[in-house]
Structure formats: C-alpha cells, structure tokens
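Novice: Got a sequence here, can you model it:
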Amino acid sequence: MPRFLACLSLFFFLVPVTYVRGPVPPANESQYISLEPITLDAKDPGRTRVGRLMFLGGWKITSDNGEFGGISSMVVLSDNRFLMLSDNGALVGFTLDEGRHKAIRPFIAPLPDGPAKPNEYARQNWDSESLLHDSETGQFWVGYEHQHSIWRYGSAFSRKESANFPKAMQKWPENGGAEAMLRLADGRFLVFSEAAEYSKGGYQAFIFDSDASVPTSKPVAFGYRPPKGYKLTDAALLDDGSALMLHRRFTPIDGVSAILSVAQLQDFQPGKVATAIPIATLKSPLKVDNMEALAITRDSEGPIVWIASDDNFSALQESLLFKFRLLKGRNLQKKPDAGHPNEKAEASPGFSTFESD
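Specialist: Predicted coordinates:
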C-alpha cells in the first residue's frame, strides 16, 4: 500500500492541478521532505559570488523515507516543481516554496519499470543516472548504468514506452554508464560515459541520430575531456548553442569539489575530442558535496542554474540544492590543462576562466 500511495502522489505532482480529478491520497509521513536553508559560505554568509555564478539560495534536503537520497539528475518543471532522479531508481519530487523554505506536494516513488525487476538489490539494478524531459509531450528519458541502457517513459511516468541497450555502451565500466544526456533540437541525443576511456583522449560519448531509447537509433562515438582529475556528472542545454557541463572530484587531501564548465555543441563531432571552459569552481570553504545533478530554468534576467548533490545514501554526506544566476562574462585565457593521462599528443583548446563584465 505505501508503494501504491507513493506512485499516486507522483501522478498528482506531475499532472497540473487544474486537470486532476478524484480524491487526494491520505497523508503519509514517509512522503515528507524537509528543506533547511543554507549559505554558500558558512564562514562568510554574505558571499554570493563564485566565478560566473551568483548565489540566489540553497537548501539541505532531508527525509525519513529510506528511499530518499542518491540524487543523480533532475529537471525543473513550471512553477518551481522539481523532479529528482535517485541512483536507486526512485523519483523525488516537490514544489519549492523559496520564501517559506517548504517542499510543497512532496513525493518519493519508484520508477514504473526499469532494467531489472525491483528487489532487494534495486539500487544496483535500477542505477538511474541521467534524466531528460520534453515539456511538449510530457515524456521522460532515463539513462541507466550497470545495465547500460536508455529508457523512455510516458507523460507523468505513466508507463515505459521504449528501452534500448546499445551494443556500443555494453563495454562501458559497470559504474561508468550514461552519466549525462543531452537532447538536441534536431532530435539527436548525446550520451556521455563517466569512466569509459576514449582512444583519442578523454572519455567516451555517443551521438545518437534519433531517440536514443529506440533500438534502431544509431550511435557514433566521440570524446569528451573534462578538467584534469574530474569526472562528468551531468549536462544541460543553454539557448545559445552551448551546454553547461558539471564535474566532480574527490581526493583525500583536497576533499570534494565541483567544476561547472561551458561547452560548445558544435565541438561535439564524431571522432573528435571536445573540451569545455570552466566558469566556476565549488570547493572548500564553500558548501559543497558530491555534485551530480544539473538543471537550467530561465527568468526575465536570464538563465538560472540549479545544482544538487548525491549523498550516496551515506550519513556522512548531504543532499544539497543550490540556485545560482548565470552571469555574463569575458574569457581570460589560462595555461592549457594537461588532461587525462590516456590522451594522445594532439592539439587541444586550453581551459579558461571567466569574470563578469
């Protein structure tokens, strides 16, 4: 019964209220989600700037529900409605009331179907890492690792519509699957591996000539080179022919950090190795965790960048949500990054940082 109520809560969240008919499901404490406001820098609460990002707000997200956590990707729908995908095949949703720091109409529910039947090892079998949404059709696409595949779901996650286990992705490392996905305006999909090394440098990615969840879609390989020592965790499209790329790193000495970069879509070409230009680095003393989820919304002043963290279901980590404004900037050239050690000796663009104009 709790699983049924969670799914029912999911339906009520995704379908606009004006179209919903029928009873509201009874209160369920296991569905409660709490938001605690946080600052960007606890030692300097007035700090609002990091690179090309202006801090607009932040929250620590908690829930007593045992399925909560592991946030790997997210989309932000209209009116600040969030849908977050966990790497245990669960969906977390709520409407963010920023003024009251409240999660309105929260739910935590399993995906309706996945690459393995739900069981006690669901966190491995349904390791969902990337998420896309079509606002016109309401459809969703989910990228899985372990059992490397791309799935498409109907509006409001009502049912599975298609699933594809591309042969080209089956040699990816078990934990190096479809960490990020982009859906281009012409219908092509870009799917990025976190850890599968590309022969010409960086890590493998594929350009699918159509819907990547359909087995007839054909992939062509290219490479993506993240900043040195970092792994790609998510990506999101901007309106100007570019994409934001989110990366994370952990070292015993420096701890956890994240880099947000800008890549040009024209650089994602078959057989080539693309890079991106870092625009902001999140590291101590800033509030930061295992940053894995990225989404973009827009207001009258321009793009809003949302970043969330994956707590790995660990009591030592936190589920964080940040809101930033993306500032305009100018390019300040720096020394080219040495890149990943498996890279060939080939010319590559240098990384840059940005300052606001």
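Novice: which residues are in contact with the helix or strand where residue 323 lies?
Specialist: Using DSSP states H and E, residue 323 sits in strand 319-326. With Cβ atoms under 8 Å, 6 or more residues apart in numbering as the test, strand 319-326 has contacts from 35, 38, 40, 52-62, 68-69, 71, 82, 96, 98, 244, 280, 287-289, 291, 296, 301-311. All C-beta spots, glycine's among them, are computed from the backbone N, C-alpha and C.
Novice: Return the distance of it from the chain's centre.
Specialist: Centroid separation between strand 319-326 and its chain, computed with Cα atoms, centre = their mean, to the nearest Å, is 12 Å.
Novice: Which pLDDT value goes with the residue lying closest to residue 44 once chain neighbours are set aside?
Specialist: Leaving out its chain neighbours, the residue that sits closest to residue 44 by Cβ to Cβ, 6 or more residues apart in numbering is residue 285, at 7.7 Å. As predicted, residue 285 sits at a pLDDT of 96.
Novice: quick one: residue 285 and residue 205, what's the gap?
Specialist: Per Cβ to Cβ, to the nearest Å, residue 285 is found 33 Å from residue 205.
Novice: Please identify which of these two sits among more neighbours.
Specialist: Comparing residue 285 with residue 205 by other Cβ atoms under 10 Å, the one with more neighbours is residue 205, at 27 against 11.
Novice: The residue lying closest to that one once chain neighbours are set aside: what's it in contact with?
Specialist: What sits nearest to residue 205 in space, not counting adjacent residues and going by Cβ to Cβ, 6+ apart, is residue 192, at 4.4 Å. For residue 192, the contacting residues are 178-181, 203-205, 224, 232, 235, by Cβ under 8 Å, 6+ apart.
Novice: Surely residue 114 and residue 146 touch.
Specialist: No: Residue 114 lies out of contact with residue 146 (Cβ atoms under 8 Å); the separation is 10.5 Å.
Novice: picking that back up, the residue nearest to residue 44: what's it in contact with?
Specialist: Listed by Cβ under 8 Å, 6+ apart, the contact partners of residue 285 are 41-44.
Novice: Quick one, which of those residues are buried?
Specialist: In the contacts of residue 285, burial by neighbour count holds for no member, counting by 16 or more other Cβ atoms under 10 Å.
Novice: Show the residue spans covered by the helices in the stretch 101-250 of the chain.
Specialist: 122-125 (DSSP state H, counting those that start in this stretch).
Novice: for it, which spans come out with low pLDDT?
Specialist: Along the stretch 101-250 of the chain, segments meeting pLDDT under 70 span 117-125.
Novice: If we use 80, what do you get?
Specialist: Low-confidence segments of the stretch 101-250 of the chain, defined by pLDDT under 80: 116-125.
Novice: again, but for the stretch 251-357 of the chain
Specialist: For the stretch 251-357 of the chain, residues meeting the criterion pLDDT under 80 lie at 329-357.
Novice: what are the ranges of the strands in it?
Specialist: For the stretch 251-357 of the chain, the strands defined by DSSP state E, counting those that start in this stretch occupy 255-264, 273-274, 277-282, 291-299, 302-309, 319-326, 329-333, 352-356.
Novice: would you list those strands in JSON lines and tack on distance to residue 102 and mean neighbour count?
Specialist: Listed next are those as JSON lines, based on distance: least, Cβ to Cβ, whole Å; neighbours: other Cβ atoms under 10 Å:
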{"stretch": "strand 255-264", "distance to residue 102": "26", "mean neighbour count": "20"}
{"stretch": "strand 273-274", "distance to residue 102": "40", "mean neighbour count": "23"}
{"stretch": "strand 277-282", "distance to residue 102": "25", "mean neighbour count": "22"}
{"stretch": "strand 291-299", "distance to residue 102": "19", "mean neighbour count": "20"}
{"stretch": "strand 302-309", "distance to residue 102": "17", "mean neighbour count": "22"}
{"stretch": "strand 319-326", "distance to residue 102": "13", "mean neighbour count": "22"}
{"stretch": "strand 329-333", "distance to residue 102": "34", "mean neighbour count": "12"}
{"stretch": "strand 352-356", "distance to residue 102": "32", "mean neighbour count": "15"}
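Novice: Tell me which of the ones you listed lies nearest to residue 77.
Specialist: Proximity to residue 77 (Cβ to Cβ) singles out strand 291-299 among those, at 9.2 Å.
Novice: Show me how far that closest one is from its chain's centre.
Specialist: 8 Å.
Novice: That strand pairs with which strands, and in what direction?
Specialist: Using DSSP bridges, the strands paired with strand 291-299 are strand 302-309 (antiparallel).
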